[in-house]
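In: could you look at this predicted model? Sequence included:
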Amino acid sequence: MPASGADSLKPSAFIPVCTAACLLVGSTSLFFVFTCPWLAVTICPAVPPCCAILFLFVLANFTMATFMDAGVLPMASEDEDKDDEFRAPLYKNVDVKGVQVRMKWCASCHFYRPPRCSHCSVCDHCVEDFDHHCPWVNNCIGRRNYRYFFLFLLSLTFHMIGVFSFGLIYVLHHMDDLWKLHCTVTLVVISISGLFLIPVLGLTGFHFYLVSRGRTTNEQVTGKFQGGVNPFTRGCCNNLEYLVCSPISPKYTARPCKKTVIHIQPPFLRPETDRQTPVKARDNGIQSRDLQNKRPSTGAVELSDIKQQKTPPPLPPKPDHSLLKSQVAAMDEMGHHTKSIIPVSIPTVPQLRPVLEAISRGSSPIPPEQLLKTSEQQGNTRGPDLRSESRESPVSHQAGLPVQPLLQAGAASSSLQLNSLTLNSRSLTLKHSGRHGSKSHLSAVHADGLGSNPPPGIISSSSLLANHSSSSSSLPYDNLINPADPQFISQRGAPSVSYHPHFMSLGTDGAVQRPPAHTYSPVFMGVSRHSPQPRDLSPSLQGLTSRDPSPSFQGFIQRDSSPAFQGLMPRDLATQSVSSRDVPPPGVVMRDLTSQSLRDSLRDLVPQELTPPKSAAARYDNFSKTIMASLHERRELEERERMLRLQARSQALYGPDMGIYDIPSRRSLPPDNIRPAGSRGPTPPAYGSREFLMSTGILGYGMRTSPLSSSSTSSLTRGPKTSSSPLQSGSSSSLQSKGRSSSPAYCPPERQTQGLPSSTSTLPRLFPSNASTTSPYTSYATTKRSSLLYSSEGKDSVTLGALK
Amino acid sequence: MATEFHNLQELRHSASLVTKVFIQRDYSEGTVCRFQTKFPSELDNRIERTLLEETVKTLNSYYAEAEKIGGQSYLEGCLACATAYIIFLCMETRYEKVLRKISGYIQEQNEKIYAPRGLLITDPIERGMRVLEISLFEDRGSGGSSPSSSMSSGSSAR
């Protein structure tokens, strides 16, 4: 049996094949020993030899079907993969005898699967003319061994019929001494053969039907050519002929490699230069110059040509560039921190840590200057992330700041960089996500949409990107001050590629460094080439630019946004908030708001696309397994804790009768205290979750009977309600509406929240514990986990709100 | 003399792999092995179209011959059945024979036509018969990648 693709040979995989072999060999041997002598004597001496030959044939075919390579296609080399990176739709259409057949990109093997080829998940390789994976032979059945499999079935059927019938004859002739050894054994043999004859006969008939129709089991089961024309059939007779008589195709893997060395020595011949070379040799001056004019430098020419072909289509023209410049200028103006043109990326936890520490250092509000300084330091050392963050802080001072035009200005300008970033990162992403067998192909989709789009598409996608990139940092701000410009929100689903810049040391020089693959994997979860289950789209181009971003993708992106970042942003903004000088509470509330709104959007998006969180989870294949395990564990833990706290909270509020869990500190709080119970600092260490505090805070709001709280409650309910339907309809403007409705509504209660600053002290506890390693990947995973927690918490808080 | 010595050194240029061009399979006839005869644009100034097309056409004919269902393949099948497939241990199938022929042909083509042009064809069997890979090499000589160096070497060698 060929070893499975994974190195682990599961013992359980051998059980069916061993059972089959034992049954076959065992019962046949018994037949030969106990029944055949009598048969040879009574019926015909030729019976046993024929049976023996038939049995030998069965065994031979069984062995071939079991041990023969089914036509495994070796994985594509890296160079081949690179070729497809810039135009990498999930499917490629090819015309087979006039019928359009789709070739799907195999994320594991890194090539477009030839027609009729399929990837066997058991063996983890692509098989040519894949029929099925047969557990009874523990092998894939494909192009090379389908014949043996079919013949095995055929011969086995005949053999079983023979054994059964001869055994029956024997038993019928020995009815009187039925309990003699020979008779008993024969009885057993015929019962076994009779029992297994039915399914084997059925399978043989099924494959006969398949052969006559020219289909594989895979095609039959998936209904590929059910309604349409099968281009692979040659007619019933020719199909049978092909089955039996076609030459055995060669093995592709593990071939004897007899490589002879070929020396390639420059200078190289060129199509036009062949006849000019002697001239060149003769004349030193003019001709060489002419040659150079024609072919300035062969190397240079080739390289430039190749480079041109390699690089993606030229980026859209000036308007974007000017816009980018203006955005850069705007950002400079805003924060004076912009050093790179890359506007946004997810601030990783290491970057945030100083800020977090600054926050945690004082439960009292941190002066914005200090925050700015911290973030500035951080940003200067770390990257643009915090700078964009801190940039937003001063911006918040100006309520009427024309965020939109600035961001828009920056959008296109960043689009240029982002495009190249995207394209370059896409190549990396696709490669690496593919390498890691990522199952989401949306990166390819997205990348494709970005890279191979015609200029209008590029512009739109770039603006999408830019807006998203700018909006990703300014989103909380947008929600607060300028309640979500629809275009930003709507383009939230823009590819997370904008997040790449943070991880990629890359510029428009085209040189693409290669950070560890897994750095990208989370981001590219939605962006790799493998198709998630719900997606059956035509190539990416339409997928991303003309349509709403894939819900899964969008949801993923939303999930992706660092909650820490978002949580901090409004808080930071609020600390310098325009009107109210209640610095921490507004910030807290704002953060609640934004996270709330985001959670709502997340929640609403969840049904759409995260319905299989497993599809998102499937995309986590790129995550290291440990991280994922810890992620899930953490999430479950947090959920449990949250539930605990919520129940405790409800217990505290409604009385001990509802309480399930004994949480002393909860009881100490008066139930109808205007301030939410979680506002007092003690709980964070106990519960250790910012989310809990926020949820309790929200719960407090929801449960409040005070007018303020009722207004907040109503606003809470309004928020989700208003957002739910639009979000469910897939429009991202709902975020905007939600933002609008939420932000003013949350202004009053913001004063009540005082616990959240202390809750932020949990952040360092939360994150550093997980961000112990400074790798961006880990921190990214941490932020991702937080976002996951946020999403789960969001649902919960929305539910609570809805209860009102 | 110093010039000559210098030029001799320059003559020992090395080639570096720049990129690979992939000629995809042509599935218009089904799953039989055929490669597209479309000329890739990257090779526009590296090799004459006719040469490459000739190579690809010859390869296609070889593959067609290998996959032909006819007398020989039938006989082979019967023989294999009769000997319970033990014959596979001793004998080479027809397909394998043709593959050896193909490999020799590619080798010869590489030596005669492609290597002088800085190209190299990889046997498709190594890529699972999915693509025909053509590697492009570039002059990475010590004198730089400009023909001036080779020209000067050529001219000085005169």
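Out: Yep, it's here.
In: poorly predicted segments of chain B, please.
Out: Within chain B, the stretches with pLDDT under 70 are B:1-13, B:141-158.
In: which single helix of it contains the most residues?
Out: For chain B, the helix with the greatest residue count under DSSP state H is helix B:49-66.
In: can you tell if that helix touches chain A?
Out: Yes: with C-beta under 8 Å from any C-beta of the partner chain as the criterion, chain A is reached by helix B:49-66 at B:A66. C-beta here means a position set from N, CA and C on the backbone, and glycine is covered the same way.
In: what does that helix rub up against?
Out: For helix B:49-66, contacts defined as C-beta atoms under 8 Å, 6 or more residues apart in numbering or on different chains pick out A:247, B:23, B:32-37, B:39, B:43, B:94-95, B:98-99, B:101-102, B:105-106, B:109, B:113, B:121, B:124, B:132.
In: would you mark the buried spots in the helix or strand just after it?
Out: Where DSSP states H and E defines the elements, the next helix or strand beyond helix B:49-66 is helix B:71-82. For helix B:71-82, burial by neighbour count (16 or more other C-beta atoms under 10 Å in any protein chain shown) applies to B:73, B:76-77, B:80-81.
In: what's helix B:71-82 packed up against?
Out: Under the contact definition 3 or more C-beta pairs under 8 Å, 6 or more residues apart in numbering or on different chains; DSSP states H and E, helix B:71-82 sits against helix A:236-245, helix B:87-90, helix B:94-109.
In: beyond the longest one, next helix or strand please.
Out: Counting by DSSP H and E, the element after helix B:94-109 in chain order, helix or strand, is strand B:119-122.
In: which other helices and strands contact that following strand?
Out: Secondary structure elements in contact with strand B:119-122, counted by 3+ C-beta pairs under 8 Å, 6+ apart, are strand B:131-139.
In: distance between the strand it packs on and the chain's centre?
Out: Its chain's C-alpha centre and that of strand B:131-139 lie 9 Å apart, by C-alpha atoms, centre = their mean, to the nearest Å.
In: what's that strand packed up against?
Out: Looks like strand B:131-139 contacts helix A:78-83, helix A:298-310, strand B:15-24, strand B:119-122 (3+ C-beta pairs under 8 Å, 6+ apart).
In: out of the contacts of helix B:49-66, which are buried?
Out: Of the members of the contacts of helix B:49-66, the ones counted as buried by neighbours, 16+ other C-beta under 10 Å, are A:247, B:23, B:33-37, B:39, B:43, B:94-95, B:98-99, B:102, B:105-106, B:109, B:113, B:121, B:124, B:132.
In: isn't A:C120 right up against A:H133?
Out: Yes: counting by C-beta atoms under 8 Å, A:H133 is a contact partner of A:C120 at 5.2 Å.
In: okay, and the common contacts of the two?
Out: Counting by C-beta under 8 Å, 6+ apart, the common neighbours of A:C120 and A:H133 are A:C140.
In: ok, stretch A:121-139 near chain B or not?
Out: Yes: using C-beta under 8 Å from any C-beta, stretch A:121-139 reaches chain B at A:128-129.
In: what residues sit buried inside that stretch?
Out: Residues of stretch A:121-139 classed as buried under the neighbour-count rule (16+ other C-beta under 10 Å) are A:122-123, A:125-139.
In: what does the average pLDDT come to for that stretch?
Out: For stretch A:121-139, mean pLDDT is 92.
In: need the distance between the two termini of it.
Out: Stretch A:121-139 has an end-to-end distance of 12 Å (C-alpha to C-alpha, to the nearest Å).
In: quick check: the gap between A:A52 and chain B.
Out: 12 Å (C-beta to the nearest C-beta, to the nearest Å).
In: who are the contact partners of A:C120?
Out: A:C120 is in contact with A:5, A:126-127, A:130, A:133, A:140, counting by C-beta under 8 Å, 6+ apart.
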